[in-house]
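1. Here you go, sequence then predicted model.
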Amino acid sequence: MSVLPLTVAVLVAGGTYLMLQAGLVRIIFGITLLSHGANLMLLAAGVSAWRTEPLGTEGASRSADPLPMAFVLTAIVITLAVTVLMLALARIGGDDDTYQMPDTGEDHHG
Amino acid sequence: MTGAVLPFFVAVPLAAAALAVVLPPRLARAVLVATPLVSTAGAVALLVEHAENPVLVHQVGAFVPGIAIPLVSDTLSAVMLTVTGLTSAVCVAYAVLGGDARLRFFPSLALMLTAGVNGALLTGDLFNLFVFVEVMLLPSYALIAMTGTWRRLGIGRLFVVVNLLTSTIFLVGVGLVYGVAGSVNMAVLADADHDDPRFVLAVAVVLLALTVKAGVVPMHGWLPRAYPATSGTVMALFSALHTKVAIYAIYRIHSVVLDGAPDWTLLALGLALLTMLVGSYGSLGEKVIRRSLSWQMVAGVGYILLGLAIGSRLGLAAGLFYMVHHILVMGSLLLAAAAIEQTYRSGQFVRISGLMRREPLLATGTALALLSLVGFPPSSGFFGKVGIVRAAAALDAPERVVVLVVVVVASIGALVAMLRLWREVFWGPSLEEMPSRGSTDTDPIDVPPGTRAPRRLVLPSTVLLVASLGLFLVPGPAWDLAVDAADGLLDVSRYAAEVTGR
């Protein structure tokens, strides 16, 4: 049963590494990996208690826990929306290096 | 009144946000201002109701208590709904008067933000808290990118990345809590096994994420960089809503889920004191009005957190009173700064000077608000600080000397920093008499003679200041509400019983 924790560990390690890079696109990939890790972590809260179909005839005591699935579904939708927004932000500046402000024709004094 | 009204606090602003997209712009702006006002009125009605009936619960969809997603209102939620509603109404009124609201989607985005805030303040479920915080953040990403200077495009990246990373940590925390305790309903978690280190650590992950969102030192760096890049209106709106909702959630989770966790007092005290010091002195390094103020937002978070760290009835009440004061005064100052920037097209210390004679009303208001921020009478800041200091002095521990000294030292820092802001912007020669410094970037701004901030731009800031002055003249009712709210946090049995239906 150590497959799930190991997968989470690899995803989070990769995500952290990418988040520490300079370019926004890499940071976005990093965030994507991190959120996959988080989603698997949520599943770990329910999958190990996997029993049987949620809507079967065996009654509530043996049916699977639908709540972690609902959590993950919500989280995936939110992350998708924000990832799209960040990709747009990465494009707007023309240069995805976070060390510099995008060159927008305005000087940044003060 | 029954709990069935609670979903409307979320549903009405959301529906209004949808309406604002299709309505003609003028009507959309009317809806924009009216909705937070209606929400505030509803919150006041809740406050009246809570005098007799301290907890109102609605199980969404009428599912079984404990399984359903609950919306819960108690004195603390109702006070927060009232203050955030009032402040957002004033901020969006400034947006309408100042022109930000003319941007195509501004009204519906601001209304969506209101829906998210109301939901986050009312929810009794950790996962739902995550969802409502996201509902707050998504319109904020757009708001930060559509108003303000061009710098916002770079800063928007910082804001989105920090908040998305924090939300992911929050989500991991919620997953861990569910894995350990088998529920994410706060009232059910109140009965969880508090001696289980796994449970406490899981909740700690949730709290860690919230401290980043609140801007607690050492995780504050994003706040003074991100907020000043957007427009003054949006910054005032964010200052009243984002960090304050995070602190509210910290208060709620720490009290209900962790039952006050005394083991952590020292850590929380340390973080609160550090936040106060760094925030108060941070302003000294800034050369622009709103950047200087953004550090005082960080300092305010420290004072509010200090109330929670002290943890006594007096401490919690003082922290909550300080939060109300801070929301009002910070809103007033930021809207005044927005009015200055809009009139003189700059907020840089080198480029503006001598506004005291030019803008008597604005200068008087700003002076009073600055004094309030530091803790002088005659405004709410005085009683805010008095409450914090009294609570700290009543601490029965050797740390109390350190706490008192740091409160005084931090207040002196804030005083010096705010005096500097005052001297640079309001004192000195008038704009026409200022000598040129030989560069178009640092020259005093060239305004047509007789330029004054229009009264409509000064008015919103004054409204919030009057509320703050009112809290000084008649502090009793607000203080009683703060004590009521603190009682609700100290004794969660009623809250838990109502939500779980036992």
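-> The structure has been received and is ready for your questions.
2. Helix or strand: which one has the nearest residue to B:Leu47 once chain neighbours are set aside?
-> Leaving aside its sequence neighbours, B:Leu47 sits nearest to B:Ala78 (CB to CB, 6 or more residues apart in numbering or on different chains; 4.5 Å). Quick note: C-beta positions are derived from backbone N, CA and C, even for glycine. Assigned by DSSP states H and E, B:Ala78 belongs to helix B:75-98.
3. Quick check: mean pLDDT of that helix?
-> Helix B:75-98 carries an average pLDDT of 96.
4. If you count contacts, what does that helix end up packed against?
-> helix B:25-50, helix B:106-122, helix B:232-252, helix B:313-344, helix B:455-473, helix B:475-490 (3 or more CB pairs under 8 Å, 6 or more residues apart in numbering or on different chains; DSSP states H and E).
5. Give me the residues contacting stretch B:459-474.
-> B:86-87, B:90-91, B:93-94, B:97, B:324-325, B:328-329, B:331-333, B:335-336, B:339, B:361-362, B:365-366, B:368-369, B:372, B:377-383, B:478 (CB atoms under 8 Å, 6 or more residues apart in numbering or on different chains).
6. And the residues you listed, which of them are buried?
-> B:86-87, B:90-91, B:93-94, B:97, B:324-325, B:328-329, B:331-333, B:335-336, B:339, B:362, B:365-366, B:368-369, B:372, B:379-383, B:478 (16 or more other CB atoms under 10 Å in any protein chain shown).
7. so where's the chain uncertain?
-> Reading this off chain A. A:1, A:47-63, A:93-110 (pLDDT under 70).
8. Actually, chain B is the one I wanted.
-> B:148-151.
9. Give me every residue in the stretch 51-200 of chain B lying close to chain A.
-> B:127, B:131, B:134, B:138, B:141, B:145, B:149-151, B:153-154, B:156-158, B:160-161, B:164-165, B:167-168, B:171-172, B:174-176, B:178-179 (CB under 8 Å from any CB of the partner chain).
10. Next, count neighbours for the residue of the stretch 201-350 of chain B at minimum distance from chain A.
-> Distance from chain A to each residue of the stretch 201-350 of chain B (CB to the nearest CB) is smallest for B:Gln348, at 4.2 Å. B:Gln348 has 19 neighbouring residues, counting by other CB atoms under 10 Å in any protein chain shown.
11. Please apply the same query to B:Ala392.
-> B:Ala392 has 26 neighbouring residues, counting by other CB under 10 Å.
12. which non-adjacent residue is nearest it?
-> B:Val403 (4.4 Å).
13. Please apply the same query to B:Val44.
-> Closest to B:Val44 by CB to CB, 6+ apart is B:Thr82, at 5.8 Å.
14. so what's the one you found up against?
-> Counted by CB under 8 Å, 6+ apart, B:Thr82 has contacts B:Thr40, B:Ala43, B:Val44, B:Leu47.
15. mind pulling up the phi and psi values for the most far-flung residue of chain B relative to its centre?
-> No residue in chain B has its C-alpha farther from the mean C-alpha position than B:Gly438, which lies at 40.8 Å (CA atoms, centre = their mean). The phi/psi pair for B:Gly438 (degrees, to the nearest 10) reads phi 90, psi 10.
16. swap in the one 5 residues further on?
-> Note on B:Asp443: backbone dihedrals following degrees, to the nearest 10 are phi -60, psi 150.
17. Could you find the closest non-adjacent residue to B:Thr123?
-> Per CB to CB, 6+ apart, closest to B:Thr123 is B:Leu129, 5.3 Å.
18. How about the contacts made by the one you found?
-> With CB under 8 Å, 6+ apart, B:Leu129 has these contacts: B:Ala120, B:Thr123, B:Ala249.
19. Please report the distance of it from B:Asn185.
-> The gap separating B:Leu129 from B:Asn185 is 11 Å, by CB to CB, to the nearest Å.
20. again, but for B:Gln59
-> 10 Å.
21. again with A:Leu20
-> A:Leu20 is 36 Å from B:Asn185, by CB to CB.
22. So between those two, which is more surrounded?
-> Under the criterion of other CB under 10 Å, the comparison of A:Leu20 against B:Asn185 puts B:Asn185 first, with 23 against 10.
23. Show the contacting residues for the residue nearest to that one when sequence neighbours are not counted.
-> Leaving aside its chain neighbours, B:Asn185 sits nearest to B:Asp125 (5.4 Å; criterion: CB to CB, 6+ apart). Contacts for B:Asp125 (CB under 8 Å, 6+ apart) come out as B:Ile69, B:Pro70, B:Val184, B:Asn185, B:Met186.
24. who touches both of B:Gln59 and B:Asn185?
-> B:Pro70.
25. could you say which helix or strand contains residue 6?
-> Answering for chain A, as no chain was given. Going by DSSP H and E, A:Leu6 is part of helix A:3-19.
26. actually chain B
-> helix B:6-22.
27. Do a quick rundown of the helices in chain A.
-> For chain A, the helices defined by DSSP state H cover A:3-19, A:24-47, A:67-92.
28. At the contact with chain A, which residues of the stretch 251-400 of chain B appear?
-> Going by CB under 8 Å from any CB, the residues of the stretch 251-400 of chain B near chain A are B:Lys287, B:Val288, B:Gly347, B:Gln348, B:Phe349, B:Val350.
29. And those, which of them are buried?
-> B:Val288, B:Gly347, B:Gln348, B:Phe349, B:Val350.
30. For the residues you listed, work out which two are farthest apart.
-> Farthest apart among those by CB to CB are B:Gly347 and B:Val350. That separation is 10.8 Å.
31. Distance from stretch B:103-110 to the middle of the chain?
-> 21 Å (CA atoms, centre = their mean, to the nearest Å).
32. and that stretch, which residues are buried?
-> B:Leu103, B:Phe105, B:Phe106, B:Pro107, B:Ser108, B:Leu109, B:Ala110.
33. Tell me which residue in the stretch 401-502 of chain B sits closest to chain A.
-> Closest point on the stretch 401-502 of chain B to chain A, by CB to the nearest CB, is B:Asp441, at 5.2 Å.
34. I'd like to know how many residues surround A:Asp65.
-> Neighbours of A:Asp65 using other CB under 10 Å come to 17.
35. right, and it touches A:Gly46 too?
-> Yes - the pair A:Asp65 and A:Gly46 qualifies as a contact (CB atoms under 8 Å) at a distance of 4.3 Å.
36. where's B:Tyr281, which helix or strand?
-> Assigned by DSSP H and E, B:Tyr281 falls in helix B:265-282.
37. how far off helix B:232-252 does that helix point, in degrees?
-> Counting by axes from the mean of the first three to the mean of the last three CA atoms, to 10 degrees, helix B:265-282 lies at 160 degrees to helix B:232-252.
38. If you count contacts, what does helix B:265-282 end up packed against?
-> helix B:289-310, helix B:399-425.
39. Just send these back as CSV, with mean neighbour count too.
-> Shown next, in CSV, are the helices and strands packed on helix B:265-282 (neighbours: other CB atoms under 10 Å in any protein chain shown):
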stretch, mean neighbour count
helix B:289-310, 26
helix B:399-425, 18
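40. Quick one: closest of those helices to B:Pro36.
-> helix B:289-310 (20.6 Å).
41. Kindly reformat the residues of the stretch 251-400 of chain B next to chain A as JSON lines containing secondary structure and distance to A:Thr83.
-> What follows is those, written out as JSON lines (DSSP: H, G, I helix; E, B strand; the rest coil; distance: CB to CB, whole Å):
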{"residue": "B:Lys287", "secondary structure": "coil", "distance to A:Thr83": "36"}
{"residue": "B:Val288", "secondary structure": "strand", "distance to A:Thr83": "32"}
{"residue": "B:Gly347", "secondary structure": "coil", "distance to A:Thr83": "34"}
{"residue": "B:Gln348", "secondary structure": "strand", "distance to A:Thr83": "36"}
{"residue": "B:Phe349", "secondary structure": "coil", "distance to A:Thr83": "39"}
{"residue": "B:Val350", "secondary structure": "coil", "distance to A:Thr83": "41"}
